[in-house]
Structures are given as C-alpha cells and as structure tokens.
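Asks: Take this sequence and fold it.
(one chain, ligands or ions: 1)
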Amino acid sequence: KRIVVLISGSGTNLKTIIENCKPTALETISQPIDAEVVAVFSNQAQAGGLQFARDANIPTQVILTKDYPDREAFDKKLAAQILQYKPDLVVLAGYMLILTADFVHTFTGKLINIHPSLLPKYPGLNTHKRAIENGDTEHGTSIHFVDSGLDSGPVILQAKVPIFPGDDEIMLIERVKYQEHQIYPLVIKWFIDGRLLLKDKVAYLDGKAL
Ligand code: GRF
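Replies: Modelled structure (predicted):
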C-alpha cells in the first residue's frame, strides 16, 4: 500500500511514520506498517521534516501558495501531484493549511489528520497555549478523518496528557508529541490493514462505529 504525507514543519510525526513503514522500518518495530511512504509534500521550502524524507530516499515536493493565484488553484495542483503517486492513504502530519472542499472530496475516506487537542475542544491554532491559559488539567491529541470543516471530521483515536502546574507551552507540546508518535502509526496501521474506514461520515474500526 502507498502513503503520501503532507507537512509544513518539523516533521517529527513524519519521522515516526517513516520509521514504522516498510521498507524503512526500524529494526525495533516488531510489526511494521505494510505500506510505503511514497512521497512527502510540503508547502514550506524550509520545513525541517523534508530532511527525514530525503534521508529515507523518499521523493519530496514543495508547492508554494505564492505561485498560485488562489487556494483553489493551489489545492488543484496539489491534488493532481498527489494523485500521481496513487496513494491508498493521505496523511496530514503538521500540515498547516486549511484544505479546500474540492481537495477534501478528492480524498474523502482516505485522508486523516492529527490535531493537538482533545477535539471537539480547541480546533485551530495555539491549542496548547489556550489549554494552559484556561487552567485545563488535561490536554491531548486527536486523529480524525478529514472533512471540509476545520479540525472537524470524525475522531478515530485520542490520547490524553496531564497539564501540571507550572507547565509552559513547550513542555506541553513535547508531552503531546510523544503521544502523537505512539498513536499515529497505530491508526495508520489500522487503516492499511483494512480495519478502519469512513462510511456516511462515521468512522468504523473492525466494523464498529467509533
Ligand atoms: C503536531 O503536534 C500535530 O498535531 C500538529 O502539528 C504538529 C506537527 O508536529 N498538527 P511535527 O511537524 O510532526 O513535529
């Protein structure tokens, strides 16, 4: 099976995915995901995560919004380039642009995202800061199928972390990312093994609605 990953930044989730997929899986991974990351796309030329792809000899493509008249044209190009890789799954891993409805429709049911909050709490940006400022005692991350809303598709799996008194944003980001690196490969494996699907806007695992 074939996975395409979209990033904008440091790409630590991408790194973990590469380390869990054949043929680049670490020796310590006992059950690698039976899929290959066939391409990585970024909307930022400087995205640190591109290096993880290059190190693994995975093709990378940078597509910049400034080279297109509007977001529709940009997403149309992006979708066309992604389709060339015939992906079974498109994974958003710190991809910081909101996708157009057309793009989402092209990949509905095989497009997933990870968002650093316990959705439906805190869609959008600065989730960690908002959780701390609101005095929350827990925070976390959510993996969801993507629909055309903002961080709004059906949730597949969440991981919680505590917020301790005195935590700053960076500490919380790191704590959340540690959990992301555990659960994103797991969910991708479910999907690749055919255990996870989206039907009529509902996510199912092993035939049971989530
Ligand atoms: C993650 O926290 C993810 O939830 C959010 O952006 C961050 C990406 O981190 N969407 P990285 O680029 O994978 O290190």
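
Asks: show me what contacts the residue in the chain that the ligand sits nearest to?
Replies: Relative to the ligand, the nearest point of the chain is Gly94 (2.6 Å; CB to the nearest ligand atom). Where you see a C-beta, it was placed from the backbone N, CA and C, and this is true even at glycine. By CB atoms under 8 Å, 6 or more residues apart in numbering, the residues touching Gly94 are 7-14, 49, 114.

Asks: Among those residues, which are located in helices?
Replies: Among the contacts of Gly94, the ones falling in helices (DSSP state H) are 12-14.

Asks: so which of those are also by the ligand?
Replies: Among the ones in helices among the contacts of Gly94, the residues lying close to the ligand (CB under 6 Å from any ligand atom) are 12-14.

Asks: neighbour-wise, which of these leads?
Replies: Compared across these, Leu14 has the highest neighbour count, 29 neighbours, by other CB atoms under 10 Å.

Asks: how much space between it and Ala53?
Replies: Taking CB to CB, to the nearest Å as the measure, Leu14 falls 7 Å from Ala53.

Asks: Name the residues contacting each of these two.
Replies: Here Leu14 and Ala53 share the contacting residues 5, 37, 40, scored by CB under 8 Å, 6+ apart.

Asks: Filter those down to the ones in strands?
Replies: 5, 37, 40 (DSSP state E).

Asks: now these in a markdown table, with neighbour count, pLDDT and distance to the ligand?
Replies: Shown next, in a markdown table, are those (neighbours: other CB atoms under 10 Å; pLDDT from 0 to 100; distance: CB to the nearest ligand atom, whole Å):
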| residue | neighbour count | pLDDT | distance to the ligand |
| --- | --- | --- | --- |
| Val5 | 30 | 99 | 10 |
| Val37 | 28 | 98 | 13 |
| Val40 | 28 | 98 | 11 |
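
Asks: quick revisit: turn the ones in helices among the contacts of Gly94 into a markdown table, including pLDDT and distance to Asp88.
Replies: Converted to a markdown table, these look like this (pLDDT from 0 to 100; distance: CB to CB, whole Å):
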| residue | pLDDT | distance to Asp88 |
| --- | --- | --- |
| Thr12 | 98 | 23 |
| Asn13 | 98 | 18 |
| Leu14 | 98 | 17 |
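
Asks: What are the boundaries of the helices in the chain?
Replies: Counting by DSSP H, the helices of the chain are 12-20, 50-55, 71-83, 101-107, 127-133, 169-192.

Asks: With distance to Thr141 as extra columns, can I get those helices in a markdown table?
Replies: Shown next, in a markdown table, are those (distance: least, CB to CB, whole Å):
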| stretch | distance to Thr141 |
| --- | --- |
| helix 12-20 | 10 |
| helix 50-55 | 20 |
| helix 71-83 | 24 |
| helix 101-107 | 21 |
| helix 127-133 | 9 |
| helix 169-192 | 5 |
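
Asks: Most tightly packed of those?
Replies: Across the helices of the chain, the average number of neighbours (mean count of other CB atoms under 10 Å) peaks for helix 12-20, which reaches a mean of 22.

Asks: Centre of the chain to that one, how far?
Replies: Distance of helix 12-20 from the chain centroid (CA atoms, centre = their mean, to the nearest Å) equals 11 Å.

Asks: Also compute the angle for it relative to helix 169-192, please.
Replies: 40 degrees (axes from the mean of the first three to the mean of the last three CA atoms, to 10 degrees).
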